[in-house]
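Colleague: Sequence isn't available, so here's the structure alone:
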């Protein structure tokens, strides 16, 4: 008798499991398939992304080599690569193309490209700040000193990683504008900055001495 009840109990449990599987089995299988597909998609995407980065890195290296032998073609290559977005090698290419243009025969075009990058809200702030600094580096000889000072002001703050170079460029713009007191103050600030590079502090102290006479 006990064996009969055991068999009935097992049959009932089996029937219950079958009903549960019929009810939820497809959902479980569907979820499992989605997980597998999602995992496969991620793996494919990650591999594709890595391939793209490697390809962009190769193109960046080729543009660098080309710029050494043909500056015009090198700049064009960097600009083409930089048009692909505002991240990774594309962003570096955009920056490098503008710098090479500013250093070459089209300084105004290079400075304009750097300023456009500095004002581009889709670019990460550290790169925007660097572009702004470089636009001042290559524009300080030709741009109005007041414009250079205004562009550099945010970069002279204590939180900026470019503050020491920005202060020196500000002092240079003040000298160009004939603002001797302003330039003296900026150079003195640099000379007193213990965290500034020693060579920069020494240069600033030397200029302070010259301006003080």
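Modeller: Noted; the coordinates are in hand. The model shown is predicted, which means the values in this text are computed figures rather than measured ones. Numbering: from 1, shown residues only.
Colleague: Which residue ranges make up each domain of the chain?
Modeller: 57-139, 149-213 (automatic domain parsing).
Colleague: weakest of those by average pLDDT?
Modeller: Mean pLDDT across the domains of the chain is lowest at domain 57-139; the value there is a mean of 85.
Colleague: Show me the helices in this protein, by range?
Modeller: In the chain, the helices defined using DSSP state H lie at 2-69, 71-82, 88-103, 107-118, 125-139, 145-152, 163-176, 180-192, 198-211.
Colleague: can I get those in JSON lines with mean neighbour count?
Modeller: For glycine as for every other residue, the C-beta is placed from the backbone atoms N, C-alpha and C. Below are the helices of the chain laid out as JSON lines (neighbours: other Cβ atoms under 10 Å):
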{"stretch": "helix 2-69", "mean neighbour count": "11"}
{"stretch": "helix 71-82", "mean neighbour count": "19"}
{"stretch": "helix 88-103", "mean neighbour count": "21"}
{"stretch": "helix 107-118", "mean neighbour count": "19"}
{"stretch": "helix 125-139", "mean neighbour count": "20"}
{"stretch": "helix 145-152", "mean neighbour count": "19"}
{"stretch": "helix 163-176", "mean neighbour count": "22"}
{"stretch": "helix 180-192", "mean neighbour count": "18"}
{"stretch": "helix 198-211", "mean neighbour count": "15"}
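Colleague: Need the residue closest to the centroid of the chain.
Modeller: Central residue check for the chain by Cα atoms, centre = their mean: the C-alpha nearest the mean position is that of residue 127, 4.7 Å away.
Colleague: which ones are touching the closest residue to that residue other than its chain neighbours?
Modeller: Nearest non-adjacent residue to residue 127, counting by Cβ to Cβ, 6 or more residues apart in numbering: residue 91, 6.0 Å away. With contact set as Cβ atoms under 8 Å, 6 or more residues apart in numbering, residue 91 has these partners: 82, 85, 123-124, 127.
Colleague: how close does residue 91 get to residue 58?
Modeller: 17 Å (Cβ to Cβ, to the nearest Å).
Colleague: Thank you, goodbye.
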